[in-house]
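Trainee: Got a predicted structure plus its sequence, pasted below:
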Amino acid sequence: MKVVVGIDLVQVSDIARSLEVLGERYIRRIWTADEIAYCTASPEMSTARFAARFAAKEATLKALRLHDQGIDWRAIEVRQTPAGWCELQLHGDAAALADRAGWISASISLSHEGDYATAMVGVLTRITTDTEQQ
């Protein structure tokens, strides 16, 4: 087994600009209905929550070691547990890619402060050959 890590840092103000300019179309293109519900439940935290989840999606793409493949942003979902922790839920193509890459389990951590939001994804994988990952 080996550990694979992805990390990303996002400016909250960049997400705020995109939300302002592109509005609902942008929101529905990037986040799932559950993510939208969580992020908008607290209007004063909404933009920071969207930014942290955007960083999580980017960190997940890095952990998947994608080269030229494109996947639906909503195939990567951050779920809030009743205890308040976040979990990563992969759907469709993202789940298939993770399976082919030998993912056994994944853990995610999000944070936001001021104008920055960050996320880190740590994955335990089976060691696979390069041909198995393609």
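Mentor: Sure thing, it's come through.

Trainee: burial count for the residue nearest to Ile108 when sequence neighbours are not counted?
Mentor: Closest residue to Ile108 apart from its sequence neighbours, by CB to CB, 6 or more residues apart in numbering: Leu88 at 4.6 Å. Where you see a C-beta, it was placed from the backbone N, CA and C, and this is true even at glycine. Neighbourhood size, Leu88 [other CB atoms under 10 Å]: 24.

Trainee: The most centrally placed residue in the chain: which element?
Mentor: In the chain, the residue lying closest to the centroid (CA atoms, centre = their mean) is Lys57, at 2.2 Å. Using DSSP states H and E, the element containing Lys57 is helix 46-64.

Trainee: Distance from that helix to the middle of the chain?
Mentor: Taking CA atoms, centre = their mean, to the nearest Å, one finds helix 46-64 lying 4 Å from the centre of the chain it belongs to.

Trainee: Whatever helix or strand comes next after that helix: partners in the sheet, and parallel or antiparallel?
Mentor: Using DSSP H and E, the helix or strand that follows helix 46-64 in sequence is strand 76-80. Using DSSP bridges, the strands paired with strand 76-80 are strand 86-90 (antiparallel).
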